[in-house]
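[1] Next comes the sequence, and after it the predicted model I'd like to discuss.
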Amino acid sequence: MNYLIVKSIIGRVLYFEAAFMLLPCITALIYQEYSGWSFVFTALLCILIGAVLTRKRPENTVFYVKEVFVTVALSWIVLSLMGGLPFLFSGVISNPIDALFETVSGFTTTGASILKDVEVLPRCMLMWRSFTHWIGGMGVLVFLLSFMQMHGGSHMNLMKAESPGPSVSKLTPTVQSTAKILYIIYIVVTVFMILFGVNFNAYFLIWCRKFTQAFRMEEVRCYFGIIFASIAVITLNISHLYSSVSEALRHAAFQVGSIITTTGYATTDFNL
């Protein structure tokens, strides 16, 4: 086991997490929120621990499957533990388990929350909570790979292990126009949620004009097959709950797209 390279990468992950916390710090400065200090303390702690872990440089920067799995697992655990500290330091969330849950939910883009009213949080906390979803969307280790100097197949090994209804008011003078706008928004949002759940290798093949290879990927075909089948079954199942089949289809498509891509959005009570 190449312990030095594992420690080095986790240390760099902590450096990046400290850098990510600059954004909520700036938000706290803009809105003059005292709770912003919790991000400063956490960032300094990340830098301190990162410095200890990266103090000794690994001579061998090539690592294999065993190191990869350990690195990815530990990186996400450390990232989540440190990411929950601002909630605790600020007193916004007093229970350590709850703070960890909220942070893990963000980094994994699950969308679940222990908070009953998210909007009452200070703006810097809202920024951090939202930013964790953005960071987790692509994966912090994927982002880190673009800056790291590694050799052999180490980049690819790490990449493989890492990548695995509101109430609305009337928006326009006519209800018909409002409905059209909302339908368009839902259809745009739904389509891109689903498209961003597709393996990015398919997009790379399309970019290289290898269309046949892209559409022959079994993973892509299964992904869309599951989505279309789920939408069809759920639409039939919930059609009696709505005034029209098109409305049932819209809600079914949006919720299937949101759940299968772990986006966490909801346009209706999906418990029904």
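    Right, received. Where do you want to start? Here the structure is a predicted model, which means the values were calculated and not measured.

[2] ok, and for the helix or strand containing residue 79, which residues are buried?
    Of the helices and strands defined by DSSP states H and E, residue 79 is found in helix 65-83. By neighbour count with 16 or more other Cβ atoms under 10 Å, helix 65-83 contains the buried residues 67-68, 70-72, 75-76, 78-80, 82-83. Glycine gets a C-beta too; all of them are placed from N, C-alpha and C.

[3] same deal with stretch 82-99?
    82-90, 92-93, 98-99.

[4] Over to stretch 241-255?
    242, 247-255.

[5] Show me those that map onto helices.
    247-255 (DSSP state H).

[6] Now for this structure, the helix or strand with the poorest mean pLDDT.
    helix 154-162 (a mean of 57; mean pLDDT, DSSP states H and E).

[7] Flag the shaky bits of the stretch 151-272 of the chain, pLDDT-wise.
    Low-confidence regions of the stretch 151-272 of the chain, defined by pLDDT under 70, span residues 151-183, 186.

[8] hmm, try it at 50
    Low-confidence segments of the stretch 151-272 of the chain (pLDDT under 50): 164-171, 175-176.

[9] Show me where it has its helices.
    Applying DSSP state H, counting those that start in this stretch to the stretch 151-272 of the chain gives helices spanning 154-162, 175-195, 200-207, 211-215, 218-238, 245-260.

[10] quick one on the thing from earlier: any chance of the ones in helices among the buried residues of stretch 241-255 in JSON lines, with distance to residue 60 too?
    Formatted as JSON lines, those follow (distance: Cβ to Cβ, whole Å):
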{"residue": "247", "distance to residue 60": "60"}
{"residue": "248", "distance to residue 60": "58"}
{"residue": "249", "distance to residue 60": "56"}
{"residue": "250", "distance to residue 60": "55"}
{"residue": "251", "distance to residue 60": "54"}
{"residue": "252", "distance to residue 60": "52"}
{"residue": "253", "distance to residue 60": "50"}
{"residue": "254", "distance to residue 60": "49"}
{"residue": "255", "distance to residue 60": "48"}
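
[11] In the strand or helix carrying residue 11, which residues are buried?
    For residue 11, the host element (DSSP H and E) is helix 3-20. Under the neighbour-count criterion of 16+ other Cβ under 10 Å, helix 3-20 has 4-18, 20 buried.

[12] For those residues, work out which two are farthest apart.
    Taking Cβ to Cβ, the two most distant members of the buried residues of helix 3-20 are 4 and 20; they sit 24.7 Å apart.

[13] what's around residue 112, how many residues?
    Neighbourhood size, residue 112 [other Cβ atoms under 10 Å]: 12.

[14] mind checking how far it is from residue 267?
    17 Å (Cβ to Cβ, to the nearest Å).

[15] and what of residue 82?
    34 Å.

[16] Over to residue 202?
    27 Å.

[17] Put together TSV for the buried residues of helix 65-83, with pLDDT on each row.
    Output for the buried residues of helix 65-83, formatted as TSV (pLDDT from 0 to 100):
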residue	pLDDT
67	80
68	78
70	86
71	84
72	82
75	88
76	88
78	94
79	91
80	94
82	96
83	96
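
[18] Between those residues, which sits nearest residue 130?
    residue 83 (12.7 Å).

[19] can you pull the contacts of the closest one?
    17, 103, 106-107, 128, 132 (Cβ atoms under 8 Å, 6 or more residues apart in numbering).
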